[in-house]
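K.L.:
make a model of this:
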Amino acid sequence: MADIQVTFKLSEDSKRFLRRFPDKFKKRLYRGLYLAVKYAEAKAKVNFDKSGLKTRTGTLRRSIQSTVEGRAGDDLTGILYSNLVYSRIHELGGVIVPRNSEFLRFQVDGRWFAKKSVRIPARPYLEPAFRDNMSQIETIIEKEIIKSEKD
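P.N.:
Model prediction:
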């Protein structure tokens with residue numbers, strides 16, 4: 001599984017400070033991160049088309065998901081991920097080797113190949129969704145936090 005995480009680690013002092021705030025502030029912080037990773041999820045699906053990955057079925061693009069782990073007022077982690085086994089090799093690149101035979105056998109454009117290994121280039125689509133959109137992601141979180149003052 002490939003995943004990209006943005007973690008908001010809070011110091012013990014920060015956690016004590018947040019305990020003084022009403023629950024609505026903490027809920028808005030959580031919601032802000034939730035909306036931010038949903039935004040990043042949408043951007044990752046757009047990046048997928050720009051990454052150089054060829055799309056046959058669209059399964060990998062459809063598998064892109066996001067979630068938030070942790071409790072508001074504690075450490076929160078926004079995670080952008082795909083649960084498909086081959087998502088990591090496409091995001092990070094690497095070498096594929098056969099497990100149960102001497103060769104990998106595959107077909108490209110109707111022609112069969114047998115190779116002892118295949119190097120897959122990195123074609124990131126998850127990581128750029130956070131990196132290239134960090135200012136928008138921060139703005140989404142800030143807007144939700146500000147709403148807690150108006151609640």
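
K.L.:
tell me where the protein has helices.
P.N.:
With DSSP state H as the criterion, the chain has helices at 12-19, 23-50, 59-62, 87-92, 127-131, 134-150.

K.L.:
Throw those helices into a markdown table and include mean pLDDT and distance to residue 75, thanks.
P.N.:
Where C-beta positions appear, they are placed from N, C-alpha and C, glycine not excepted. Listed next are the helices of the chain as a markdown table, based on pLDDT from 0 to 100; distance: least, Cβ to Cβ, whole Å:
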| stretch | mean pLDDT | distance to residue 75 |
| --- | --- | --- |
| helix 12-19 | 72 | 8 |
| helix 23-50 | 87 | 11 |
| helix 59-62 | 92 | 30 |
| helix 87-92 | 90 | 24 |
| helix 127-131 | 89 | 17 |
| helix 134-150 | 85 | 15 |
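
K.L.:
the ones you listed: which one's closest to residue 111?
P.N.:
Closest approach to residue 111 among these is made by helix 87-92 (22.2 Å; Cβ to Cβ).

K.L.:
CA atoms only: put the closest one into PDB for me.
P.N.:
Written as PDB, here are the backbone C-alpha positions of helix 87-92 (Å, rounded to 0.1, in the frame of the first residue of the first chain):
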ATOM      1  CA  SER A  87       0.300   1.400  -5.900                       C
ATOM      2  CA  ARG A  88       3.600   1.700  -4.000                       C
ATOM      3  CA  ILE A  89       5.800   0.600  -6.900                       C
ATOM      4  CA  HIS A  90       4.100   3.300  -9.100                       C
ATOM      5  CA  GLU A  91       4.500   6.000  -6.500                       C
ATOM      6  CA  LEU A  92       8.100   5.300  -5.500                       C
END
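
K.L.:
what packs against it?
P.N.:
strand 2-8 (3 or more Cβ pairs under 8 Å, 6 or more residues apart in numbering; DSSP states H and E).

K.L.:
can you do 10 Å?
P.N.:
Helix 87-92 sits against strand 2-8, helix 59-62, strand 76-82, strand 94-96, strand 118-120, with contacts defined as 3 or more Cβ pairs under 10 Å, 6 or more residues apart in numbering; DSSP states H and E.

K.L.:
fine by me, thanks again.
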